[in-house]
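Colleague: Any chance you could fold what I've pasted below:
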Amino acid sequence: MINIFKYLPIKKEEAPKFIVVSLMMLMVLFIYSIQRTVKDTIVVNEMGAELISAIKLYGTLPMAVLIMLIYAKLSSELNKTVVFHILNAFFITYFIVFTFVIRPNISTLHFDFSNVRDNYPYLRFIVQMVENWSYSLYYILAELWGSVMLSLMFWQTANQVFKIDQAKRLYPLFGLVAQIGMIVSGELLRLFSNKTIFKGGWDESIKYINLSTLFAAVTLSILFWILSNVLVPSDIINAETKKRKRKIGFIDGLKHVFTSKYIGLIALLIICYGISINIVEGVWKAQAAVVYTDKQDYARFMANLQTYTGIASMVAMISGSYILSIISWRTAAILTPIAILITGGIFFIFSIYQVEIVDLLPFLILAPIVIAVFIGLLQNILGKATKYAFFDATKEMAYIPLSEELKSKGKAAADVIGGRLGKSGGALIQQFLLIIIPGASLVSLSSSLFSIFLLIMVVWLIAVCVLAREFKKVSKTEG
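Modeller: Okay, here's the model as predicted:
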């Protein structure tokens, strides 16, 4: 029999844990990917692309803070295994209730505050959010799934059961296996959005989409049960809960976390990523909504993003597993901002000067906005591929040498709040410009957003270099 471990950076005794943890990430990323398309399809087509930044700012950020408070309370009272299952069930329950209870009765459950919108135009985005509360809440929870279940719960579990030397070999491979989830989500979205098969329109499509989400969530909980009850002693996964005899006050915990320079730098990386990608995606999704006005067409286009991102990420992760083992942490961590800077720059240049570019290239047969949409698609694919292969792996490696307290509450603060501040920061910038410039759209604001994007990228590159020095110090201490 061929020993496959001979050709992979996985030791034979690590295989069971590696397989289960990889499948867990696959399920988490499948749900994240499929819900990302669903939430965008709902909001862009029902409310308009400009509402995305409003929901992120006025809805997702406050909800992220609330969930972190709830998480901190739950983690003080319950072990991590129970908290994992509670949070998993919480998110999936709303997706199912929305699909089979709320959406069929949407006309009676939503409000009409058109008079308020007309009398107070500066509050129009907030009013629209409240009017369409179920769409807004769906978007908020779909956004937070990635922050809570992927960035916090999954990676916290992985960091509990693997050491730094294992992380260097295995973390890129986790993502490699997980990209299958993204590819499958893209193909299922394309299937469920096929008008010839699902003739009932978007209402029929979303039922099948969220039934697949329910199946993935149940599978995720089963896999976590296997990991925590069969493969790994429960006192390892629940190390902090078992170890802490005296309860630490939440406020004291937050003070400890937010006064940590190290955690602050990790949070800054996450914030810079969130703002930069949010700025680019805001303009791109606004352009895509013009090209794809039908919900099923829009969902099928975004399904291409999922599939191609998954393929590109797998290629990046195959090389990433090798690259991380031969280069420094700083070099690996700097690859993602460089990739986003280059691809984002090209997208903005074409968006701003698309007419001039078309004049220089008269043989182009596609409309300028169509070309811009496909350049934005390429930017998303390449940016996310390097993010999954290098940004996530290096960020998670940075947590491993820390104390159990910082691994838990520090990670919650940096990942959940930092992630929301990043995306909400980008949303705040967009909302501010949309409000102070009457009649502005995200597309018309491309020049201003490009300048802000470049500034954020400079901050990101500096933060990587500073954190690299800190990581080197704490790694030596652990060793």
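Colleague: Spit out the contact partners of residue 66.
Modeller: Residue 66 sits next to no residue when contact means C-beta atoms under 8 Å, 6 or more residues apart in numbering. Where you see a C-beta, it was placed from the backbone N, CA and C, and this is true even at glycine.
Colleague: any low-confidence regions in the stretch 151-300 of the chain?
Modeller: Counting by pLDDT under 70, the stretch 151-300 of the chain contains low-confidence ranges at 164-165, 167-169, 172, 175, 233-258.
Colleague: what comes up buried for the host helix or strand of residue 124?
Modeller: Assessed by DSSP states H and E, residue 124 sits inside helix 124-131. For helix 124-131, the neighbour count (16 or more other C-beta atoms under 10 Å) marks 124-129, 131 as buried.
Colleague: next one: stretch 59-72
Modeller: Along stretch 59-72, these residues count as buried under the neighbour rule (16+ other C-beta under 10 Å): 59-61, 63-64, 67-68, 71-72.
Colleague: List phi and psi for the closest residue to residue 445 other than its chain neighbours.
Modeller: Closest residue to residue 445 apart from its sequence neighbours, by C-beta to C-beta, 6 or more residues apart in numbering: residue 433 at 5.1 Å. Geometry field for residue 433 lists phi and psi as phi -70, psi -40, criterion degrees, to the nearest 10.
Colleague: Give me the distance between residue 433 and residue 426.
Modeller: 11 Å (C-beta to C-beta, to the nearest Å).
Colleague: One more: residue 437?
Modeller: Taking C-beta to C-beta, one finds residue 437 at 17 Å from residue 426.
Colleague: who has more neighbours, the two?
Modeller: Neighbour totals were compared for residue 437 and residue 426, and residue 426 leads with 28 against 12 (other C-beta atoms under 10 Å).
Colleague: any chance of the buried residues of stretch 59-72 in CSV, with distance to residue 332 and pLDDT too?
Modeller: Formatted as CSV, the buried residues of stretch 59-72 follow (distance: C-beta to C-beta, whole Å; pLDDT from 0 to 100):
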residue, distance to residue 332, pLDDT
59, 34, 86
60, 29, 82
61, 30, 77
63, 32, 87
64, 28, 81
67, 30, 84
68, 28, 79
71, 29, 83
72, 31, 78
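Colleague: which two in these are spaced the farthest apart?
Modeller: Comparing all pairs in these by C-beta to C-beta, the longest separation belongs to 59 and 72, at 20.8 Å.
Colleague: give me the number of residues near the residue nearest to residue 445?
Modeller: Residue 433: 17 surrounding residues under other C-beta under 10 Å.
Colleague: Number the chain from 31, please
Modeller: Happy to do that; since the first residue is 31 now, the last one works out to residue 463.
Colleague: That one against residue 470, yeah?
Modeller: Yes - Residue 463 is in contact with residue 470 according to C-beta atoms under 8 Å; the separation is 6.3 Å.
Colleague: follow-up on the earlier one: looking at the buried residues of helix 154-161, spot the one nearest residue 493.
Modeller: Using C-beta to C-beta, residue 155 comes nearest to residue 493 of the buried residues of helix 154-161, at 30.7 Å.
Colleague: List the residues that contact the closest one.
Modeller: Counted by C-beta under 8 Å, 6+ apart, residue 155 has contacts 80-81, 84, 88, 461, 464.
Colleague: Keep only those of those residues that are in helices.
Modeller: Those of these mapping onto helices are 80-81, 84, 461, 464, per DSSP state H.
Colleague: Now tabulate these in CSV and tack on distance to residue 292, neighbour count and pLDDT.
Modeller: Below are the ones in helices among the contacts of residue 155 laid out as CSV (distance: C-beta to C-beta, whole Å; neighbours: other C-beta atoms under 10 Å; pLDDT from 0 to 100):
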residue, distance to residue 292, neighbour count, pLDDT
80, 37, 22, 75
81, 37, 20, 83
84, 33, 26, 83
461, 32, 19, 79
464, 36, 21, 79
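Colleague: which residue is nearest the centroid of this protein?
Modeller: Compute the mean C-alpha point of the chain, and by C-alpha atoms, centre = their mean the closest residue is residue 176, 4.6 Å away.
Colleague: just how off-centre is stretch 407-423 within its chain?
Modeller: Relative to its parent chain, stretch 407-423 has a centroid offset of 11 Å by C-alpha atoms, centre = their mean, to the nearest Å.
Colleague: Do I have it right that residue 61 meets residue 249?
Modeller: No - the pair residue 61 / residue 249 is not scored as a contact, 10.1 Å apart, by C-beta under 8 Å.
Colleague: neighbour-wise, which of these two wins?
Modeller: Under the criterion of other C-beta under 10 Å, the comparison of residue 61 against residue 249 puts residue 61 first, with 29 against 15.
Colleague: residues of stretch 338-357 that come out buried?
Modeller: For stretch 338-357, a neighbour-count test (16+ other C-beta under 10 Å) marks 338-344, 346-347, 350-351, 353-354 as buried.
Colleague: Same check on stretch 124-138?
Modeller: 124-125, 128-129, 132-133.
Colleague: Quick check: mean pLDDT of that stretch?
Modeller: For stretch 124-138, mean pLDDT rounds to 92.
Colleague: Show me what it is in contact with.
Modeller: With contacts defined as C-beta under 8 Å, 6+ apart, stretch 124-138 is touched by 65, 139, 164, 167-168, 171-172, 233, 236-237, 240, 243-244.
Colleague: how far out from the middle of the chain is stretch 302-310?
Modeller: For stretch 302-310, the distance to the chain centre is 11 Å (C-alpha atoms, centre = their mean).
Colleague: ok, now stretch 302-321?
Modeller: Taking C-alpha atoms, centre = their mean, one finds the center of stretch 302-321 at 14 Å from the center of the full chain.
Colleague: In this structure residue 222 contacts residue 240, no?
Modeller: No - the criterion here is C-beta under 8 Å, and residue 222 misses it with residue 240 at 9.8 Å.
Colleague: Helices of the stretch 181-330 of the chain, start to end?
Modeller: Counting by DSSP state H, counting those that start in this stretch, one finds helices in the stretch 181-330 of the chain at the ranges 185-191, 194-222, 232-256, 264-267, 269-273, 280-288, 291-321, 325-356.
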